[in-house]
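**Q** for reference, the sequence and a predicted model appear below.
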Protein chains: 4
Amino acid sequence: MTHSRTVELEGHIIDSGTLQRCFGAVMDLGGSFDVEEFDVGKHETEVSYCRLTVTADDAETLRAILHELHQNGAVLENPSDVELVAAPADRVVPPNFYTTTNHPTEVLYDGEWIEVERIEMDCALVVEPGEESREGGSDRPRAYTKVLNAVEKGDLVATDRSGIRVRPPERPRSGGGAFGFMQGGVSAERPSESTIREVAEELREVNETGGNVMVVAGPAVIHSGAGDALADLVEAGYVDALSAGNGFATHDLERSLYGTSLGMNVETLEHPRKGHKHHIWTISEIIRAGGIAAAVDEGIITDGVMYQCVENDVDTVLAGSIRDDGPLPDTITDAIEAQNAIREQAHEADIVLMLATLLHSVAVGNCLPSTTKTVCVDINPATVTQLLDRGSAQAVGMVTDIGTFVPTLAEYVLEGAAESESARADTADDA
Amino acid sequence: MTHSRTVELEGHIIDSGTLQRCFGAVMDLGGSFDVEEFDVGKHETEVSYCRLTVTADDAETLRAILHELHQNGAVLENPSDVELVAAPADRVVPPNFYTTTNHPTEVLYDGEWIEVERIEMDCALVVEPGEESREGGSDRPRAYTKVLNAVEKGDLVATDRSGIRVRPPERPRSGGGAFGFMQGGVSAERPSESTIREVAEELREVNETGGNVMVVAGPAVIHSGAGDALADLVEAGYVDALSAGNGFATHDLERSLYGTSLGMNVETLEHPRKGHKHHIWTISEIIRAGGIAAAVDEGIITDGVMYQCVENDVDTVLAGSIRDDGPLPDTITDAIEAQNAIREQAHEADIVLMLATLLHSVAVGNCLPSTTKTVCVDINPATVTQLLDRGSAQAVGMVTDIGTFVPTLAEYVLEGAAESESARADTADDA
Amino acid sequence: MTHSRTVELEGHIIDSGTLQRCFGAVMDLGGSFDVEEFDVGKHETEVSYCRLTVTADDAETLRAILHELHQNGAVLENPSDVELVAAPADRVVPPNFYTTTNHPTEVLYDGEWIEVERIEMDCALVVEPGEESREGGSDRPRAYTKVLNAVEKGDLVATDRSGIRVRPPERPRSGGGAFGFMQGGVSAERPSESTIREVAEELREVNETGGNVMVVAGPAVIHSGAGDALADLVEAGYVDALSAGNGFATHDLERSLYGTSLGMNVETLEHPRKGHKHHIWTISEIIRAGGIAAAVDEGIITDGVMYQCVENDVDTVLAGSIRDDGPLPDTITDAIEAQNAIREQAHEADIVLMLATLLHSVAVGNCLPSTTKTVCVDINPATVTQLLDRGSAQAVGMVTDIGTFVPTLAEYVLEGAAESESARADTADDA
Amino acid sequence: MTHSRTVELEGHIIDSGTLQRCFGAVMDLGGSFDVEEFDVGKHETEVSYCRLTVTADDAETLRAILHELHQNGAVLENPSDVELVAAPADRVVPPNFYTTTNHPTEVLYDGEWIEVERIEMDCALVVEPGEESREGGSDRPRAYTKVLNAVEKGDLVATDRSGIRVRPPERPRSGGGAFGFMQGGVSAERPSESTIREVAEELREVNETGGNVMVVAGPAVIHSGAGDALADLVEAGYVDALSAGNGFATHDLERSLYGTSLGMNVETLEHPRKGHKHHIWTISEIIRAGGIAAAVDEGIITDGVMYQCVENDVDTVLAGSIRDDGPLPDTITDAIEAQNAIREQAHEADIVLMLATLLHSVAVGNCLPSTTKTVCVDINPATVTQLLDRGSAQAVGMVTDIGTFVPTLAEYVLEGAAESESARADTADDA
C-alpha cells in the first residue's frame, strides 16, 4: 500500500532552487511525485506556484520526504492547526517535537498563522496561548523558539505533524555583488581588494542606517597584526557587539601591556621566540585588577580592541573554552550561560563579521536566522565552507589573510566615511 | 531600443537545475524574460519544456545572456544552420569562433543535426562537409573538436552565431550513491570506507563490462606507500591506461631499485633523511638502460607499478613538466605532444581515477567529456573542489589519504572479484 | 654598563639541539657569550658540558636571554634557593611569578633539588614546606604546579629569579621510528600504512605493559564511519580514557539510535541530506533517559563508542563548548570544571591519541608533560602542525583521513594481539 | 669487522645546527662516533672545529653516513683529488657519479680546491681540465654543474668518492628579521603587514644596490585582482625577471582585452559566471597578432603585467605545461628547453619572489643555490612549507592572500621609494 500527501509551493521557487531541491528530495528518498498544478511566473518578478502529490511505499519514507519538502517551504494542502504537547519535565520535550530551521517560520494556531519569534535552528517551538486579561481584553498568542536546555515543564511544544510553515530565503531580484545567494562553496579565485571594498560599503550602509554590526573575532586577528585596525573600527563606532573568547582578549591586552602577541612584537617582528610568558602574566595582571574594565579604569590598559570596547560601551561577550589559559575574570566559563549571551547578541545583529575563528563563528551561526547577512573570513577554506554551509541567504566567504583583510577593510570603511562626510560638507556649502 | 530572442529548453530541466541556472543567468546579466510556454513533467520521469523570450537593453548583453543559456542547453527557436568560416592560417581561428563545452553537442548543418565527435571543452568546432565519393555515393559530413594549436588553414570553423546545441548532463532518475550529480563542493564528512567500497564496485562493474579504466597518479601515491596496491590493481587487469608524470615513474622505479621513495624505505620507515640521491641515480640507471621497458627486459626493474604496466601492456603516458629531474627517456617533454597523448587516453576512458595529482588531473580533466565518470582523491580539499568544478556529471570527490585509499580500494576490488569468482564457481557446481 | 651571568648546560646538548638553541637565543636577543668551558661527549652516549657567560647591554635584555636559556635547561652557576612569595589573594599571584614549562622541573628549596609534581605548562609553581609532624618526624617539602585559577591566598608561589631548573627532552640514543624527536613539522609524504602499523605496535606495547591509553576524539571520527573501529578498540580494552565533546557523543549515540551520523547512514551512504534532525532527537532521548549510562542500562543505546565506554568502565570526560546543541546531561558545561577533569586524565596518560579534533586536543595538550607520547591525526596539516608544536618529546603527526586511519589502526592492533596470543599459545604447547 | 673514517667540520657549526645534524645522522643511520678534537668558538663570532671518527659495521652504512656528513659540510681528513670518469655516452653518467647539493661547493683537482660554478642541486659535476694554450700559457681548470640531460659523451664527471666539499649556509651573526635562517616550518601566526614591510625593504635594497629581482607568478595573482599592483612594480623597475606560465600571461592579457580574469570583472565583481570563453578568445587574438610583443606593438594590449614587461624589457620566460590552453605563441612548450631558460634566470637572481604558484616555484627553486634569498607566498600552507623545505638559507614564507599581499607590497615599495627620493632631495637642498 502506498502513502500520499499533497503539498504546495509558492514564490520564486524556480530560480531560488526550491523546486529543484524538492523534486530531487523526492527522488533521492525513493518516492515519486505528480504535479497537479503548475503556474510559472511569466516574468522574473512574478511568483510561481506548484501543487504536487508525493507518494511513497511506506509511511516512514513519506514522512522523511515531507520533512525535506517542509524545510524547503512546502506546505501541506489544507493544513490543520499545530499540535502542541506540554513538556513533561524541565528539558524534556515530547516525542516528535518539531525542531526549527533558521528560516522565518509561522505556526497555524487557532486557524491563524502566527510568526515565530527569535528564529534559530535546532530549537523547540513553544506556543503561548493568548490569555484572557484581567481587563476583559485578551493577549494574543505568541510562538517562539526555545533551546532544549531552556524548555520548562508545561511548555506547550509543537510536534512536527502539521500547522507549521517556513519561508526559505529567495534569490534577490537584483544581483547581490559580493554577497552571494545561498552559496555553499567558496572561491579563492575572487579579486580580494574589490571584495573587501564591497564588504566595507555594506558595513557603512548598515552603520549609517542605524543597523547593528556584530564582530566575531579569533586570536589570529591579534597575532596577525590586525588589532589596531579593528580597534580603529570600534573607536569610529562601526562595531556594536563583539563576540570573542578568552584568547582573543588576552592577546589584545598583552599587546597593550607588553607590545607583543604570543611573545612576538607585531610591529618590529623582534623576539619571535617560543615560550614567552607574556600572556600568562597578562592574565595575572587583569585578575589582580579585577577585570578588563577595572584595568582600563586604572590606566593599566590604554589601547587596543578591548580598551576601545570598554571606552565605547560595545556589547562584549567573552565566551570560555576548555583550551583557555587563566581565564580572565570577564570570561563566561559556563557554555550554556555563554551561549545565552551570544544568542542575545546574534538576535540583535543586522550583519555579522566572522573573523578567523571557527569555534565562535559556529556558536554565533547557530543562533542566527538565515536572513542575517554574514561575512566569513578565514585563511582555511574548510572553515569558510563550513560557515557558509549554515545557510545564510546573503553571505560573503573569503579565503584570505586576516592580517591584511582587517586593515584593508578599516581603510575602506574609514576613507569611505571621510568621503561621505566631505561630500555632505560640500553639499552644505553649496546650500 | 531593446533586443530580444526566444529560446527553448527541454528535458529534466527542473531537477537538473537547468531552469534555475537559466533564470538566474538572465537576472544576473541584467536582462529580463517572459515565459511563453511551460509544460512541466507531471511525473519524475517525464520531461519538461519551456519556451522563453529574453530581452536586454543592448545587443552585447543579449549576446552574453544567450551564451549562458546556450551552455545550459537552450536552443534558439527556429535555429538556422551553423555558420562556418575557413581558418585564415594555421592556428588562427575566425573572430567569434565557437568554443566548445564538455557536453554532448550537435551542429545543424544542411538542415540536419550532426553529433560532434571527440567532445572536449575550450576547443574550436570544425565541420567537414560530406564529399562526393568516386563511386558516385557521398561521405556524410562530420563535425569534431580541434584544440587551437591543431587548427589548420582552411578548416571550416564554426562561429558562435547559431546552429549549435548542447545537452548538459541531466540528473539521473535513480539515486547516484557516492557518485553525486554535478556536485561542486566536497564534504569531508562522508564515511570513508563506505565511499571507497562504492568506488570499488563501480570499478569492477566498468571492468567486467569491458569498459576502460584510466588512472591518473601523482608521486604521492608512491611516497605514501600505496604503490604496491596500485601495482596489484594493474596486475589484476583493472587498469587500462595510466597517465602520470616523470616524478611518479621515477619514485616507483626508485622503490624497485633501492626500496625507497624520496630516500625513505616505505616499509620500515628507516633512513628518513633528506638529501638522498636515489631518485637521481634511478633516472641515470634507466637512461643507461635506454628506457623503462628496456630496464624491465634486462631484469633491472622487477616490480612496482611501472613494471606491471610494461608486463600488462597498459597504455602509459608520462607527461613532462618543468619541475622534473632527468627526465626519464620515456617522458614526453613537449607539452603539446603530451596533451595529445593524454587526449587519446581520455577519450577512451569510461571512468577516470585521479589520485593525488592536481597538474595531471587538470590536464586529463581538460580533455574529458562531461559524461565520463570521475573519482578525485586528494588530501587537499582545494584540489578536489577544483577538479569537481570541471563539471563531470557523475563524480566522486574524496578528501582522504592516498596512502590508505589505494590499499583499501585494492582490497575491496580484489576481494569483490574473488567473491564473484567463487559465486560463479558455486553456480557452475550447482549446474 | 653591561650585565653578565654565567650559566651551565649539561647532557646530550649537541644532538638534542640545546646548544644550538641557546647560542641562537643569545644572538637573536642581542646579547653576546663567552664559552668558559666546554667538554664534548666523546662518544654518542657520553654527555657534554658547557659553561658560558652571557652579556647584555641592559638588565632587561639579560633577563630575557636567561629566561630563554632556562627554558632550554640552562642553570645559573651557583644557584640560590627558589624565591617564594605568598599569594595575596585567591587567583592572584605575585609579580614575576614563575610560569612552568611542560618539561620535568626541579626547585632548589632549603639547599635541595625537589622534583616538581603534576608537570604542566603555563602554571604557577607552588611549594609546600615540610612540616614538623606530631610524632616528631617531619613531612618532606613538596612542589607542584597550579593553574592560575586554582591559586589560593597564602600559597607559596615561586618567582622567576632563581632556584629552578628544567630538563628539556633529549634526543633518544636509538632511532625513534615513526615517533620523531621534537619534530615541529609534519610531512604528508610518509608511508601511511607503515606509520599506522608503528602506532599500533606502540599502542599494544603500552597496553601490555599496563600503561594508560588516552583517546581524544572529535565528531569526524563518527561522520567518517570510523566509530565501529574505535568501539572495537574500546571493547578490546585498548582505551583507558576517552576525552571528547558533546558533538562526538551525540553523533555516536545518533548512530546507535538511528543508524546515521548528521543524518547520513554511514554504511549505505543513503539519505545524504542536510537538515535532518536526528542529532537533536538523540539529545532529547538521552535527556529523557537521564544520561548516557542510564540510556545504556535501559537498553536504548546498544552499541557504539559511548556504549562500549559505559560497558567497559572507561574514564570518560565530555567537555562542553559554546557550539554544542543540547547538551547531553553528561556534558560538563563549565570550562574550568571540564579542564580539571581533562587534567586528571592527561596526568594519568602514557600515550595520547588525538583524533580529528583541534579544540579538545589543544585542551589535553595544555595539560600534558613533554614526556608523554602523542599521536596527532587530522586531515588538516595546520592542525597537526599546531599540535606537534606543543613540544612533546616523542610524537607522531599524520595528515590523513580519520575514516581510514582508525579502522586500519584497529585492524593492526587487534590482529597483532591475536598473533601474540597465538604465539603465546604455541610456546605454551611447546612447554 | 668495522669500518671507520675521520672527518672534519669547521665554522659556526653549533648555532647553524651542523653539529646536531651530523651527530644525529650517525646515530640515525646506525653508526657510532668518537670526537677526536673539539675547539669551541669562545665568542659568537669565532668559528668552532670538530674532528670525529665515524664507525659503522659495514661499508655500505659507513658510505651512507659519510654521504650525510658530506652534505652538512664535513670533509674527509686528508682528502684526495676528485675522481673523474668520462661519460660513456650522451646523457649517461658513470656509476657512483656525484650529485650536487645547492650549497657552495669546491672540488679538489690537482691538489687545489676549485669553486664549482652554476651551483644547482641534483646535477652532475663536470670538471674541465686546464689546457695548454697556444701562446704557451695555460687556461685554469673549471668545474661546473650539468643537469643529467645535458651531459655529453666524454664529459669528465666527478664520482662521489672524494675530493669534494660543500659549505652549507651558516646562521647569520645578526638577526634576520622576517628572513629566517633555514626555517622549515611556516607560522601563519605572524603579523602580516609588518612582514610585508620587511619584504618591501629587502626588495628596495636589492634594487638600489643593482641586484636582480626575479618574480615567479601564478594565475592567482591575476584572478585575485593583484595584477595592477604587480604591473606597477614592473613599471617602476623593481622586477628584472618574470618567470610564469601560459595561464598567468593569458589571464593578464584577458584583463587587458576584456577587463575580466576567468570571466570575472576584477574591479566590479560583475558577471561572476562560469563558462565564459574570454581566455580562449584572448589566446586566439594573440596567436593572430603573432605573439605578445607584437600585440603590444599593434596596440592591442595596452596595460597589465605582460604589457609592462614588454615595455620595460623585463627578461620573461613563459613555461608551458600540460594543463595549458592554447598555448600562446610565446610559451615554451618543451619542458627541457623551458627549464634551461628558467635556469638562466635563476642563476642571475639575487632575490626571488614566489607568488602563488607551486609548479613554477618548484621549477625555479630546483635551479637556485641555497644562498639566494627567497620569499614564498601562498594561501596554502602546504605549498609554502614545501617551497621552504628546499633549503634556502634566508627565506620568508607567508601564508597569506596574494590578492592583498601584492598591492600592500607595491604600496610599501613605492612609498618607500618616494620617501628615499624626497630624503635625497632634502639632502641635496641642504648641500
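**A** On my side now, so go ahead. Numbering: from 1, shown residues only, chains lettered A, B, ... in the order given.
**Q** partner strands of the helix or strand harbouring A:Val116, with direction?
**A** Under the criterion of DSSP states H and E, A:Val116 resides in strand A:112-117. For strand A:112-117, the pairing partners within the sheet under DSSP bridges are strand A:105-109 (antiparallel), strand A:142-146 (parallel).
**Q** what packs against whatever helix or strand comes next after that strand?
**A** Later in the chain than strand A:112-117, the nearest helix or strand by DSSP H and E is strand A:124-128. Other elements packing on strand A:124-128 under the criterion 3 or more CB pairs under 8 Å, 6 or more residues apart in numbering or on different chains; DSSP states H and E are strand A:105-109, strand A:142-146, strand A:156-158. Just so you know, the C-beta spots here come from the backbone N, C-alpha and C atoms, and that holds for glycine as well.
**Q** need the strands paired with strand A:112-117 in CSV with mean neighbour count, can you?
**A** Formatted as CSV, these follow (neighbours: other CB atoms under 10 Å in any protein chain shown):
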stretch, mean neighbour count
strand A:105-109, 20
strand A:142-146, 20
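**Q** can you redo those strands as a markdown table with mean pLDDT?
**A** A markdown table is the format used below for the strands paired with strand A:112-117 (pLDDT from 0 to 100):
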| stretch | mean pLDDT |
| --- | --- |
| strand A:105-109 | 97 |
| strand A:142-146 | 97 |
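**Q** wait, which of those is closest to B:Asn72?
**A** Among the strands paired with strand A:112-117, strand A:105-109 comes nearest to B:Asn72, with 33.4 Å by CB to CB.
**Q** spell out which parts of chain A neighbour chain B.
**A** A:14-17, A:19-20, A:23-24, A:26-28, A:30, A:32-35, A:38, A:40-44, A:50, A:171, A:173-175, A:184-185, A:188, A:381-382, A:385 (CB under 8 Å from any CB of the partner chain).
**Q** SS state for the closest residue to A:Lys277 other than its chain neighbours?
**A** Residue nearest to A:Lys277 in three dimensions, not counting chain neighbours: C:Thr99, with 4.4 Å by CB to CB, 6 or more residues apart in numbering or on different chains. Recorded secondary structure, C:Thr99: coil (DSSP: H, G, I helix; E, B strand; the rest coil).
**Q** give me the neighbour count for C:Thr99.
**A** The tally of other residues near C:Thr99 (other CB atoms under 10 Å in any protein chain shown) stands at 23.
**Q** then A:Asn212?
**A** A:Asn212: 18 neighbours (other CB under 10 Å).
**Q** doesn't A:Asn72 make contact with A:Arg21?
**A** Yes - at 5.1 Å, A:Arg21 and A:Asn72 qualify as touching, with contact defined as CB atoms under 8 Å.
**Q** give me the low-pLDDT residue ranges for chain A?
**A** A:132-138, A:174-177, A:182-189, A:261-276, A:391, A:427-431 (pLDDT under 70).
**Q** helices of that one, start to end?
**A** Shown for chain A, the helices assigned by DSSP state H span residues A:18-28, A:59-71, A:192-208, A:220-223, A:227-235, A:246-258, A:278-289, A:292-297, A:305-311, A:335-348, A:358-367, A:381-388, A:402-430.
**Q** could you pull out the buried residues of the fourth one?
**A** Yep, that's helix A:220-223 we're talking about. Buried residues in helix A:220-223, counted by 16 or more other CB atoms under 10 Å in any protein chain shown: A:220-223.
**Q** can that helix be found next to chain C?
**A** No - on the criterion CB under 8 Å from any CB, helix A:220-223 is out of touch with chain C, staying 11.2 Å away.
**Q** re the thing from before, nearest to D:Gly326, of the helices of chain A?
**A** Minimum separation from D:Gly326 across these (CB to CB) falls at helix A:192-208, 26.7 Å.
**Q** can you tell me which helices and strands the closest one packs against?
**A** Using 3+ CB pairs under 8 Å, 6+ apart, the elements in contact with helix A:192-208 are strand A:213-217, strand A:351-355, strand A:373-378, strand A:394-399, helix A:402-430, helix D:402-430.
**Q** quick one: the last one to helix A:402-430, angle?
**A** Here helix D:402-430 runs at 70 degrees with respect to helix A:402-430, directions being taken by axes from the mean of the first three to the mean of the last three CA atoms, to 10 degrees.
**Q** so A:Gly17 versus A:Val40, what's the distance?
**A** Look at A:Gly17 and A:Val40: by CB to CB, to the nearest Å, they are 15 Å apart.
**Q** grab the nearest non-local neighbour of the most centrally placed residue in chain A.
**A** Nearest to the geometric centre of chain A sits A:Leu368, at 3.2 Å (CA atoms, centre = their mean). In space, and not counting its chain neighbours, A:Leu368 is closest to A:Ala346: 5.2 Å by CB to CB, 6+ apart.
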